[in-house]
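**Student:** task: produce atomic coordinates for the following.
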Amino acid sequence: MSYFKHHVFICCNQRAEGEACCANFGTPELLGKMKDKVKALGLAGEGQVRINKAGCLGRCDDGPVMVVYPEETWYSFVDEEDLDEIVAEHLLNGRVVERLKI
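**Tutor:** Have a look, this model is predicted:
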């Protein structure tokens, strides 16, 4: 059994100026907002949800990106509302958010 029910990795990689990267979309700030949301809902911790910052996940052209394990579900997102939907649907209810899936 996995230590966490869901382990989320959000790319916060910053490349050289002019190169495509997730950090150009504000992912460090969005990561903080998602962590805060998960904590506020009481979902953080052992057996529940862990949100982690990741370096390059190799999908810059799809950015910004995250991957949710153990399902290996990849998402692209653009704002806090997208993250709220992923938390509510995927992390709380186990339903993939098809419109954000890549």
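
**Student:** drop to CA atoms for contacts and neighbour counts, all remaining ones
**Tutor:** Noted.

**Student:** all the strands of this structure, residue numbers only.
**Tutor:** Applying DSSP state E to the chain gives strands spanning 6-11, 49-54, 65-69, 73-76.

**Student:** dump the last one to PDB, restricted to CA.
**Tutor:** Output of strand 73-76 as PDB, limited to C-alpha atoms (Å, rounded to 0.1, in the frame of the first residue of the first chain):
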ATOM      1  CA  THR A  73      -2.900  11.000 -14.300                       C
ATOM      2  CA  TRP A  74      -1.400  14.000 -16.000                       C
ATOM      3  CA  TYR A  75      -3.100  17.400 -16.000                       C
ATOM      4  CA  SER A  76      -2.500  20.800 -17.500                       C
END
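
**Student:** and it, what other elements does it pack with?
**Tutor:** Using 3 or more C-alpha pairs under 8 Å, 6 or more residues apart in numbering; DSSP states H and E as the contact criterion, the elements in contact with strand 73-76 are strand 65-69.

**Student:** can you tell me which helix in the protein is longest?
**Tutor:** Scanning the chain for the helix with the most residues, using DSSP state H, yields helix 27-40.

**Student:** for the protein, give me the ranges with low pLDDT.
**Tutor:** 1 (pLDDT under 70).

**Student:** would you mind confirming that residue 61 makes contact with residue 20?
**Tutor:** Yes: contact criterion C-alpha atoms under 8 Å: residue 61 and residue 20 qualify, at 6.9 Å.
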